[in-house]
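Chemist: just to be clear, the model below is a prediction. Sequence and coordinates:
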Amino acid sequence: MTTAWDPDQYERYKAYRDRPALDLMLQIPSHRSYREIWDLGCGTGEHAALLKRRHPDATVHGLDTSPAMLAKGRARPEQIDWVEASIADWTPAAPPDLIFTNAALQWLGEHETLVPRLVESLAPGGVFACQMPQSYDTPWHVLLRETAEDGPWADRMAARVGVRRIGRPEDYYGWLQPLCAHIDIWSTTYLHALTGEDPIVDWMLGTALRPYVEALTDDAERAAFLDAYRARLKPVFPRRTDGTTLLPFPRLFLAALRRG
């Protein structure tokens, strides 16, 4: 089942969600020529549009499974080929010179075959630039899974697939080394100072909570599920005296150059 994404909810913390994508873009070699660019999991298309502005002579494609997200992209003035499809099924018609994917691959499994397949699709000398949340083992995801498994909704939650545990940096190096002339792998933990009455649940409603809340069609049960999740979060993420709630968010970055 495809998750129905809400672009407005997703962009509620836009500045925080944009920062990793922009940090990743800084590692894309600027002296190279890019004719074919794909943004896989493009969301609302902001980064595909930025790539088009940076490389105006390139053909830029933005791929996503969400019609609502792609509708936001199509409203942008940049000339981009918007494609509704899954990364898991994606095969480019022409070898890309750049694959950019920000906060998307954590939804897919079998990275040991997925990531090499994406890199193998590149043209010789092409660039693979990827950012993924390392969030599976963070407290807010652990507590989400515990909440889903502990309640009258457990049977309907059982089939829901949330974010997956991604590989270790060493794993990605091993998978990419036979294919790539240069590999740069690093991680960053961003400390988000969130405000509001319920900031972590608000953050999660833009991403990882959506498959879970969609499993519940009854408004009262959905509210009870969210209340149970809030109760588990509260002692782990207390609000500070300045009114903020701190969310330390780890992310993994890959920037690799396919052998020419």
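Modeler: Nice, thanks for sending it over. This structure is a prediction, so every number in the text was calculated from the model and none was measured.
Chemist: and Asp39, that one's in a strand?
Modeler: Yes: Asp39: assigned to a strand according to DSSP: H, G, I helix; E, B strand; the rest coil.
Chemist: which residues touch it?
Modeler: Taking C-beta atoms under 8 Å, 6 or more residues apart in numbering, we find Asp39 in contact with 45, 47-48, 51, 60-63, 100-102. Where C-beta positions appear, they are placed from N, C-alpha and C, glycine not excepted.
Chemist: and for Leu40?
Modeler: Contacts of Leu40 by C-beta under 8 Å, 6+ apart are 63, 87, 90, 99-101, 104-105, 118.
Chemist: ok, and the closest non-adjacent residue to it?
Modeler: Computed as C-beta to C-beta, 6 or more residues apart in numbering, the closest residue to Leu40 that is not its neighbour in sequence is Thr101, at 4.1 Å.
Chemist: name the SS class of the one you found, please.
Modeler: Classification of Thr101 using three-state DSSP returns strand.
Chemist: could you say which helix or strand holds the closest residue to Arg145 other than its chain neighbours?
Modeler: For Arg145, ignoring the flanking residues on the chain, the nearest one in space by C-beta to C-beta, 6+ apart is Gly162 at 7.2 Å. Gly162 belongs to no helix or strand when assigned by DSSP states H and E.
Chemist: before we move on, what about Gly62?
Modeler: Here Gly62 sits within strand 59-64, counting by DSSP H and E.
Chemist: okay, now the sheet partners of that strand, with direction.
Modeler: strand 36-40 (parallel), strand 81-84 (parallel) (DSSP bridges).
Chemist: doesn't Glu110 make contact with Arg164?
Modeler: No: if you go by C-beta atoms under 8 Å, Arg164 and Glu110 don't touch, sitting 9.4 Å apart.
Chemist: have a look at the two and say which one is more surrounded.
Modeler: Taking other C-beta atoms under 10 Å, Arg164 and Glu110 do not tie; Arg164 has more neighbours (16 against 10).
Chemist: gap between the residue lying closest to the more buried one once chain neighbours are set aside and Tyr136?
Modeler: Spatial nearest neighbour of Arg164, chain neighbours left out: Gly109 (5.4 Å); criterion: C-beta to C-beta, 6+ apart. From Gly109 across to Tyr136, the span is 11 Å (C-beta to C-beta, to the nearest Å).
Chemist: touching both of the two, which residues are there?
Modeler: Common neighbours of Gly109 and Tyr136 (C-beta under 8 Å, 6+ apart) are Arg164.
Chemist: who's in contact with the strand or helix carrying Tyr229?
Modeler: If you go by DSSP H and E, Tyr229 is part of helix 219-233. With contact meaning C-beta under 8 Å, 6+ apart, helix 219-233 is reached by 140, 143-144, 146-148, 150-153, 198, 200-201, 209, 212-213, 216.
Chemist: buried among these? Need that as a selection in ChimeraX.
Modeler: Remark: buried members of these, expressed as a ChimeraX selection using 16 or more other C-beta atoms under 10 Å:
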select :140,143,144,147,148,153,198,200,201,209,212,213,216
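Chemist: inside strands: which ones of the contacts of helix 219-233?
Modeler: In strands, defined here by DSSP state E, there are no members of these.
Chemist: please look at Gly167 and His111 and confirm they touch.
Modeler: Yes: applying C-beta under 8 Å, one finds Gly167 in contact with His111, separated by 5.2 Å.
Chemist: between these two, tell me which one has more neighbours.
Modeler: Neighbour tally, Gly167 and His111, criterion other C-beta under 10 Å: the higher count belongs to His111, 20 against 17.
Chemist: measure Leu98 to Glu46 for me?
Modeler: According to C-beta to C-beta, Leu98 and Glu46 sit 16 Å apart.
Chemist: settle it for me: which of these two has more neighbours?
Modeler: Neighbours per residue (other C-beta under 10 Å) separate Leu98 from Glu46, with Leu98 holding more: 23 against 20.
Chemist: so what sits opposite that one in the bridge?
Modeler: Ile37, Val127.
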